[in-house]
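Enquirer: here is my input; please provide its structure:
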Amino acid sequence: MAVRESRDSDAHPNSLAVSVLFDVTGSMGRAPRTLQSKLPDLFGLLLRKGYVEDPQILFGAIGDATCDRVPLQVGQFESGNELEDDLGNILLEGGGGGQMTESYELAMYFMARHTALDCLEKRGRRGYLFVVGDETAYGAVKAREVRDVIGDDLDENIAFPAVLDELRRKFEVYFIMPTGSYHFRDDRVRDFWERHMGQNLVLLDDLDAVCETIAVTVGLGEEAVDLEEGLRDLADTGSDQADVVGRALRPLVRERGTVAVSSEVEGLAGDGPGVERL
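Expert: I've put the predicted structure just below:
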């Protein structure tokens with residue numbers, strides 16, 4: 001697969017990469033169709049209150065590379081109506097292996113190694129990646145699956161924590177677990193993502209609020225608003241999802257830092273792998 005690029009242009013000189021990849025396997029129930037219908041609203045929500053000057057949004061879908069015909073689908077970073085086309089082209093395969101694991105790690109590998117972001121390369125600011133799902137990742141990125149699905153030749157498998165660390169050098173990563181999915185209340189899944197994501201695990205009571213939740217999360221990360229301001233903004237735009245978003249994001253704001261800057265930009269030093277908290 002080719003590289004997905006989020007680049008500045010004359011029309012969009014201050015691009016910020018925002019990615020949403022969602023599980024389309026059977027355990028997600030009706031969630032993928034809901035996401036396909038709701039996610040086009042995200043672009044307007046980011047712009048309306050000035051959270052992001054030039055958002056560039058990528059949508060994609062995650063399946064199971066052990067059994068699905070199409071285990072990974074990744075669109076392009078877009079800044080206009082093409083977003084709806086990309087969403088409409090996603091195949092909702094409804095498969096999966098039935099063992100409470102899906103190929104999230106394969107998608108994370110792709111986003112770590114097959115994306116190029118001007119927000120990072122020019123301004124030292126990571127993009128945002130939201131994964132929506134209800135199962136755990138496999139323990140490692142398998143070299144055979146990478147070769148078959150993506151086309152890269154790896155010498156060996158990559159442990160899940162290692163690929164997640166690599167991904168975090170480019171993106172602020174969140175995992176959203178929506179109610180209505182089969183494993184939403186399974187403690188084993190929650191424990192897995194709490195261990196790897198900490199406060200960046202978002203438990204969402206109502207999937208209809210997914211765009212509002214993502215938009216306010218980005219607004220918080222960009223220091224455009226605090227949570228209460230973000231919830232008031234939702235009310236101003238006519239949304240009735242402020243309570244749902246508040247419940248989802250209050251655990252996040254209790255512990256989160258501010259804008260993340262990559263130490264890969266010369267002269268910066270971080271408090272973790274590749275990150276400085278300003």
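Enquirer: can you give me the helices in the stretch 101-250 of the chain?
Expert: In the stretch 101-250 of the chain, the segments counted as helices under DSSP state H, counting those that start in this stretch are 104-113, 118-121, 143-145, 160-167, 187-197, 210-221, 227-236, 242-255.
Enquirer: relative to Ser9, which of those is closest?
Expert: When those are compared by CB to CB, helix 118-121 sits nearest Ser9, at 9.4 Å. Any C-beta I mention is one placed from the backbone N, CA and C, and that applies to glycine too.
Enquirer: list the helices and strands the helix or strand encompassing Gln73 packs on?
Expert: Assessed by DSSP states H and E, Gln73 sits inside strand 72-74. If contacts are counted by 3 or more CB pairs under 8 Å, 6 or more residues apart in numbering; DSSP states H and E, strand 72-74 sits against strand 54-62, helix 104-113.
Enquirer: let's have those in TSV, adding mean pLDDT and mean neighbour count.
Expert: Shown next, in TSV, are the helices and strands packed on strand 72-74 (pLDDT from 0 to 100; neighbours: other CB atoms under 10 Å):
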stretch	mean pLDDT	mean neighbour count
strand 54-62	96	26
helix 104-113	98	25
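Enquirer: need the ones you listed in TSV (columns: distance to Ala159).
Expert: What follows is these, written out as TSV (distance: least, CB to CB, whole Å):
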stretch	distance to Ala159
strand 54-62	19
helix 104-113	9
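Enquirer: for Val141, find the nearest of the ones you listed.
Expert: Of the helices and strands packed on strand 72-74, nearest to Val141 by CB to CB is helix 104-113, at 4.7 Å.
Enquirer: Val253 versus Glu156, what's the distance?
Expert: 39 Å (CB to CB, to the nearest Å).
Enquirer: what about these two, which has more around it?
Expert: Taking neighbours as other CB atoms under 10 Å, Glu156 and Val253 compare with Val253 leading, 16 against 9.
Enquirer: my read: the more buried one touches Gly219, true?
Expert: No. Proximity of Val253 to Gly219 does not meet the contact threshold set by CB atoms under 8 Å, at 11.2 Å.
Enquirer: for this structure, what are the low-confidence residue spans?
Expert: 1, 96-98, 180-185, 256-278 (pLDDT under 70).
Enquirer: at 90 instead, please
Expert: Residues of the chain meeting the criterion pLDDT under 90: 1-2, 25-34, 36-38, 80-89, 91-100, 178-188, 254-278.
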